[in-house]
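Novice: I would like the atomic coordinates for the input below:
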Amino acid sequence: MTREKIYLFDTTLRDGQQTPGIDFSVEDKIAIATMLDEFGLDYVEGGYPGANPTDTAFFDEKRTKSASFVAFGMTKRAGISASNDPGLASLLQAKADAICFVAKSWDYHVKVALGCTNEENLESIAESVNAAVNAGKEALVDCEHFFDGYKANPTYALACAKTAYEAGARWVVLCDTNGGSQPPEIRAIVEAVIACGVPGHCLGIHAHNDTGQAVANSLTAVEAGVRQIQGTLNGIGERCGNANLITLIPTLALKRAYSERFETTIDAERLVGLTSLSHAFDELLNRSPDHQAPYVGASAFATKAGIHASALLKDPRTYEHVPPESVGNFRKVMVSDQGGKSNFINALKRRGIEVGKDDPKLDQLIQIVKEREATGYAYEGADASFELLARRTLGTIPEFFAIDGFRVMVERRFDSHGRVKIVSEAVVKIIIDGQTIMSVAEGDGPVNALDLALRKNFGKYQHEIDDLELADFKVRILNGGTEAVTRVLIESTDSDGVRWWTVGVSENIIDASFQALMDSVIYKLMKNRHMAGRIAAE
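Specialist: Residues are numbered from 1 along each chain as shown. Presented below is the predicted three-dimensional model:
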């Protein structure tokens, strides 16, 4: 039986950017587009060129290698020709493979928001699609408020969808913009669209999560005939978010109701990277991953109840709907010491560390991790720090150097022009082979000064860390008040292109930062000697 393809369209960089508190820079967008492209999605929608400087700069270059790179924007304005519309010109000039036009499909919005006639709106849809196709771009049309529009005026909503299709749109996307439609309504309306002459293989679904049913509505639309799903990483989006691709993708791939009929570009090998993609995206947003997220959450395959744990150890299928490793996650039997040991042994084995289950040092490591996580450490997002802790506890790390102490000073003063100037200076005493090296540096802030001082003079190891770069620095306050405990997560990279994450926790942000910086340097020295980094290098 030949399976039909479901096309996956990611709008994290456009619709997801409307999430309160999220504002992507050009660098953020480049990093996320690369993640999405490498994971294997069919379409990556990058934003709205011409609407703001960030999106305009982002579309100066094509940002994907395999996925279709999509620019988003309005259909042409009523009353002017397509060739004279500056907004349409920005879309046509963007370095994109495809253009996704947002079009009004609810006659109430046509009257109130656009201030034009229903016929003029249809003309704008047709002429915009024609302009994109003539420019060699794939055309998509997001029929905004389609389901509410259909309920109010089915004839006009259908006319909008059919106009887009007949003008040459590759995809006509039905949008539940307010997120209030129910699965039975979605099914009936999609079937009506297909009956009116727009084939399912040219239809997409764009669902919002205002009733918590964006994923259900997307799957219902697929069952009714659509063949493209639009959504975002971890379901971000305005208000209650968009359909969560991190939930939809494994459901399509692993549930027989869908996997026997449909296929996506995400094969079994790529699916194993799902949890890493979800968590890496949350770290980029500097937020804690949802522990109870389906498939990828830390608790998704965690069992605490004694009866469940006992059954789970005998046969995982008793309490797991899919194998956790199929999505890159892990089984966690929280009540069982044996289960806990097994988890640690497997985690260590993946890092090339062999340890026996009866080794007392394993018990010591488990206890240390539990105690540290209780104080705020998060080793799930700091793989390098966990590996160093494990190797240190098991006694396999050479002492490259020691820190005799450090001092950081921050001075606020006025320059000769009366302007406020903040100066940060750090002093670090490093001991290498019994010799004390004092290193001093100024930086843009206390952490930057400390980092520069730490790596300014590293004696015989200096050439080994010259290519070490700090790619990101994130601070999370773990409790309230000025005395709050702070967790610092640092992402590092080197000339090999390998990335690793280290963590530090303290009541003092400088001390927490120093812990993470130290771990980063030690990990780099270990990696250079092939003594660490097996996972990071894969």
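Novice: Tell me where the stretch 401-538 of the chain is predicted with low confidence.
Specialist: By pLDDT under 70, the weakly predicted segments of the stretch 401-538 of the chain are 480-483, 534-538.
Novice: tell me which element the residue at minimal distance from the centre of the chain is part of?
Specialist: Centroid-nearest residue in the chain, with CA atoms, centre = their mean: Phe281, separated by 2.5 Å. Element membership of Phe281 [criterion: DSSP states H and E] is helix 274-284.
Novice: related to what we said a few turns ago, pretty sure the residue nearest to the centre of the chain contacts Ile32?
Specialist: Yes - using CB atoms under 8 Å, Phe281 is in contact with Ile32, at 7.0 Å. C-betas here are computed from N, CA, C, even on glycine.
Novice: between these two, what contacts are shared?
Specialist: 12, 233 (CB atoms under 8 Å, 6 or more residues apart in numbering).
Novice: Quick check: closest non-adjacent residue to the residue nearest to the centre of the chain.
Specialist: Leu233 (4.8 Å; CB to CB, 6 or more residues apart in numbering).
Novice: Let me see the confidence value for that neighbour.
Specialist: Per-residue pLDDT puts Leu233 at 98.
Novice: hang on, it packs against Leu245?
Specialist: Yes - judged on CB under 8 Å, Leu233 makes contact with Leu245 at a distance of 6.2 Å.
Novice: Tell me, how many residues neighbour Gly497?
Specialist: For Gly497, the count of nearby residues is 7 (other CB atoms under 10 Å).
Novice: show me what contacts the closest residue to Asn286 other than its chain neighbours?
Specialist: Excluding the flanking residues, the one nearest Asn286 by CB to CB, 6+ apart is Lys474, at 4.6 Å. If you count contacts by CB under 8 Å, 6+ apart, Lys474 has them with 283, 286, 488-491.
Novice: Swap in 7 Å and give it another go.
Specialist: Applying CB atoms under 7 Å, 6 or more residues apart in numbering to Lys474 gives the contacts 283, 286, 489.
Novice: The last one and Glu45, how far apart?
Specialist: Applying CB to CB, to the nearest Å, one obtains 29 Å for the distance of Leu489 from Glu45.
Novice: just the second one next, same as before
Specialist: In this structure, Asn286 lies at 23 Å from Glu45, with CB to CB as the measure.
Novice: Counting neighbours, go ahead and name the busier of these two.
Specialist: Higher neighbour count among Asn286 and Glu45: Glu45, with 28 against 13, using other CB under 10 Å.
Novice: bridging residues for that one?
Specialist: Counting by DSSP bridges, Glu45 is bridged to Val70.
Novice: go on, Glu4?
Specialist: Phe262.
Novice: ok, now which ones touch it?
Specialist: Neighbours of Glu4 in contact, by CB under 7 Å, 6+ apart: 227, 261-262.
Novice: Please apply the same query to Ile6.
Specialist: By CB under 7 Å, 6+ apart, Ile6 lies in contact with 222, 227, 229, 252, 262, 264.
Novice: what does Val505 give?
Specialist: By CB under 7 Å, 6+ apart, the contact set of Val505 is 375-377, 485, 487, 512.
Novice: So it lies in a strand, does it not?
Specialist: Yes - assessed with DSSP: H, G, I helix; E, B strand; the rest coil, Val505 lies in a strand.
Novice: if I look at it, how far off is Arg372?
Specialist: Remark: distance between Val505 and Arg372 (CB to CB) = 8 Å.
Novice: What's opposite Ile477 in the beta bridge?
Specialist: Thr486.
Novice: List the contacts of the helix or strand containing Asp55.
Specialist: Assigned by DSSP H and E, Asp55 belongs to helix 53-58. Residues outside helix 53-58 that contact it (CB under 7 Å, 6+ apart): 25-26, 29, 46-50.
Novice: Dump those into TSV; add secondary structure and neighbour count as well.
Specialist: Below are these laid out as TSV (DSSP: H, G, I helix; E, B strand; the rest coil; neighbours: other CB atoms under 10 Å):
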residue	secondary structure	neighbour count
Ser25	coil	11
Val26	helix	16
Lys29	helix	23
Gly46	strand	30
Gly47	strand	28
Tyr48	coil	25
Pro49	strand	25
Gly50	coil	20
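Novice: ok, those vs Ile125, which is closest?
Specialist: Taking CB to CB as the measure, Ile125 sits nearest to Tyr48 out of the contacts of helix 53-58, at 17.8 Å.
Novice: contacting residues for that closest one?
Specialist: With contact set as CB under 7 Å, 6+ apart, Tyr48 has these partners: 14, 55, 72-73.
Novice: at 6 Å what do you get?
Specialist: With contact set as CB atoms under 6 Å, 6 or more residues apart in numbering, Tyr48 has these partners: 55, 72-73.
Novice: Can I get these in JSON lines including distance to Arg187?
Specialist: JSON lines is the format used below for the contacts of Tyr48 (distance: CB to CB, whole Å):
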{"residue": "Asp55", "distance to Arg187": "35"}
{"residue": "Phe72", "distance to Arg187": "27"}
{"residue": "Gly73", "distance to Arg187": "30"}
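Novice: Could I get the residues you listed in JSON lines, plus columns for neighbour count and pLDDT?
Specialist: Listed next are these as JSON lines, based on neighbours: other CB atoms under 10 Å; pLDDT from 0 to 100:
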{"residue": "Asp55", "neighbour count": "24", "pLDDT": "96"}
{"residue": "Phe72", "neighbour count": "25", "pLDDT": "98"}
{"residue": "Gly73", "neighbour count": "24", "pLDDT": "98"}
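Novice: Pick the one among the residues you listed closest to Thr177.
Specialist: Phe72 (14.0 Å).
Novice: Now the element after the helix or strand where the closest one lies, going C-ward?
Specialist: Element membership for Phe72, per DSSP H and E: strand 68-74. Once the chain leaves strand 68-74, the next helix or strand it forms, by DSSP H and E, is helix 86-93.
Novice: so that following helix versus strand 68-74, what angle?
Specialist: Orientation check (axes from the mean of the first three to the mean of the last three CA atoms, to 10 degrees): helix 86-93 against strand 68-74 gives 170 degrees.
Novice: any idea how far the helix or strand following helix 86-93 is from the chain center?
Specialist: Downstream of helix 86-93, the first helix or strand assigned by DSSP H and E is strand 98-104. Relative to the mean C-alpha coordinate of its chain, strand 98-104 is positioned 24 Å out (CA atoms, centre = their mean, to the nearest Å).
Novice: helices or strands up against strand 98-104?
Specialist: Contact partners of strand 98-104 among helices and strands, from 3 or more CB pairs under 6 Å, 6 or more residues apart in numbering; DSSP states H and E: strand 68-74, helix 118-134, strand 138-144.
Novice: which of those sits most buried?
Specialist: Per residue and on average, the most neighbours among the helices and strands packed on strand 98-104 fall to strand 138-144, with a mean of 25 (mean count of other CB atoms under 10 Å).
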